[in-house]
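S.K.: curious how this folds, go ahead:
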Amino acid sequence: RMETDCNPMELPDNTGFEEDSDYRDFEGTDVKDMRLEAEAVVNDVLFAVSNMFVSKTLPCAEDVAYINVETRERNRYCLELTEAGLRVVAYDFDQTDDRLQTPYHETVYSLLDSLSPAYREVFGNALLQRLEALKKESQS
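M.R.: Next up, the predicted model:
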């Protein structure tokens, strides 16, 4: 289990998102605690990068979380996760650079695909292995 500086019990229940259906779902989950979403993102793609973890230094809140990622090429990034998606906010862990105007990606897969050819290869190979396993299952 990851440690973070923010305690979900301290977060207010009235986020204001409930009334606005556009914000009700973010990839099928409630937007109330982005830290939980960030941990799910990390667990999803950790196998395809060198290192990835939710920032313990930058503040997390119900509407934003920060994820540090080191690609297999050894490039470091700090990612911001909001209801708008994910984007690079710095080229090092636990940093944000307001001058960076990087595009939002709807998924972590899209973002990592644009940053890391090695990620693309590892993820593609894992997908192929899974498809082969499913094919064998259906033939038996």
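S.K.: hey, let's count contacts and neighbours off CA atoms from now on
M.R.: Noted.
S.K.: ramachandran angles for residue 64?
M.R.: Here is the backbone geometry of residue 64 (degrees, to the nearest 10): phi -150, psi 140.
S.K.: for it, which residues are in contact?
M.R.: Neighbour list for residue 64: 34-35, 80-83 [criterion: CA atoms under 8 Å, 6 or more residues apart in numbering].
S.K.: in contact with the closest residue to residue 71 other than its chain neighbours, which residues?
M.R.: Closest residue to residue 71 apart from its sequence neighbours, by CA to CA, 6 or more residues apart in numbering: residue 49 at 4.9 Å. Contacts for residue 49 were tallied using CA under 8 Å, 6+ apart; they are 69-72, 119.
S.K.: selecting buried members of those residues in PyMOL, what would you type?
M.R.: Here is the PyMOL command that picks out the buried ones among the contacts of residue 49, judged by 16 or more other CA atoms under 10 Å:
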select buried, resi 69+70+71+72+119
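S.K.: tell me the SS of residue 86?
M.R.: Recorded secondary structure, residue 86: strand (DSSP: H, G, I helix; E, B strand; the rest coil).
S.K.: so what's the residue count around it?
M.R.: Using other CA atoms under 10 Å, residue 86 has 24 other residues around it.
S.K.: you'd agree residue 66 is in a helix?
M.R.: No - assessed with three-state DSSP, residue 66 is strand; it does not lie in a helix.
S.K.: that one contacts residue 78, doesn't it?
M.R.: Yes - with contacts counted by CA atoms under 8 Å, residue 66 reaches residue 78, the gap being 6.7 Å.
S.K.: of these two, who's got more company?
M.R.: Counted by other CA under 10 Å, residue 66 and residue 78 do not tie: residue 66 has more neighbours, with 30 against 26.
S.K.: just list the residues touching the more buried one, thanks.
M.R.: Residue 66 neighbours (CA under 8 Å, 6+ apart): 38, 54-55, 58-60, 78-81, 94.
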